[in-house]
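Novice: predicted model and sequence below, questions to follow.
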Amino acid sequence: MIFGVRLLPLTSEDAEQARVWRNDPRVRPGLRTTDMVTREQQRAFAERLLADRSSPHRYWSVVDERGLVGMAGLTDIRWADGCAEISLLLDPDREDPETRGQAVELVLVEAFDRLRLLTVYAECYESNPAIQFWNDLAERMGAPIARLPRRKWWDGRLWDSQCYAIAVDAWRKAP
């Protein structure tokens, strides 16, 4: 596969730019927590990731020919179970379904081919504009979708979330 995006090792500078995007009001409806992240909090996050190779988290800078477009990761990796949660944050001014799809595919390559995980799961709040992307991906992968009620308070109401589990075998067979 030829992609317009690549995953590179996360740098402190890229993590800081991700913090700026994370604090953007257009991005916050899709986040687990809507709390603003300070520069100091993000710096500590990046330092922990970059310094601790035994960490159960792996993050990458998502770049294309124009430069940084996002930050992607596998979080809460449970080596004994062979599973992890996918995390993706894209530049709200440049994100599009193709970039999102390519970044997710590259993270799945890392998860399944390099880290030898068995399952990658995702949670997407229905307040997140990317919900249709995740539903389409789950359908293509034959992944089960579980709806969890009242998971996130945003914009004056409680939103449901949807959870997806992508198994390595289904990923390998998917078109």
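Specialist: Perfect, thanks for sending it. Residues are numbered from 1 along each chain as shown.

Novice: what about the helices in this structure?
Specialist: Assigned helices in the chain, in chain order: 12-22, 39-51, 97-109, 131-141, 168-173 (criterion: DSSP state H).

Novice: residue most distant from the centroid, this structure?
Specialist: Distance to the chain centre peaks in the chain at G156, reaching 25.1 Å (criterion: C-alpha atoms, centre = their mean).

Novice: residues contacting that one?
Specialist: Listed by C-beta atoms under 8 Å, 6 or more residues apart in numbering, G156 has no contact partners. Yep, even glycine has a C-beta here, placed from its N, CA and C like the rest.

Novice: where does pLDDT dip in this protein?
Specialist: Applying pLDDT under 70 to the chain picks out residues 1-3.

Novice: before we move on, the earlier item: M71: which of the helices of the chain is closest?
Specialist: With C-beta to C-beta as the measure, helix 12-22 is the member of these nearest M71 (4.0 Å).

Novice: flag every buried residue along that closest one.
Specialist: The neighbour-count check on helix 12-22 (16 or more other C-beta atoms under 10 Å) flags 14-15, 17-19, 21-22 as buried.

Novice: ok now stretch 56-66, how far from the chain's centre?
Specialist: Here stretch 56-66 is found 10 Å from its chain centre; the criterion is C-alpha atoms, centre = their mean, to the nearest Å.

Novice: before we move on, what about stretch 164-172?
Specialist: 16 Å.

Novice: who touches that stretch?
Specialist: Identification of contacts with stretch 164-172 by C-beta under 8 Å, 6+ apart yields 108, 112, 117-124, 134, 137-138, 141-145.

Novice: among the residues you listed, which ones are buried?
Specialist: 108, 112, 117, 119-124, 134, 137-138, 141, 143.

Novice: could you export stretch 18-36 as CSV, CA atoms only?
Specialist: Taking C-alpha atoms only, stretch 18-36 is exported to CSV below (Å, rounded to 0.1, in the frame of the first residue of the first chain):
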residue,chain,number,x,y,z
ALA,A,18,-0.9,17.9,19.4
ARG,A,19,-1.8,19.7,22.7
VAL,A,20,-2.7,22.8,20.7
TRP,A,21,-5.0,20.7,18.5
ARG,A,22,-6.4,18.8,21.5
ASN,A,23,-7.4,22.1,23.1
ASP,A,24,-9.2,23.3,19.9
PRO,A,25,-13.0,23.5,20.5
ARG,A,26,-13.5,21.6,17.2
VAL,A,27,-11.6,18.6,18.5
ARG,A,28,-12.9,18.4,22.1
PRO,A,29,-16.3,16.8,21.3
GLY,A,30,-14.4,13.6,20.3
LEU,A,31,-12.1,13.4,23.3
ARG,A,32,-12.5,11.2,26.4
THR,A,33,-12.0,14.3,28.6
THR,A,34,-12.8,17.8,27.6
ASP,A,35,-10.3,19.3,30.1
MET,A,36,-7.8,21.7,28.6
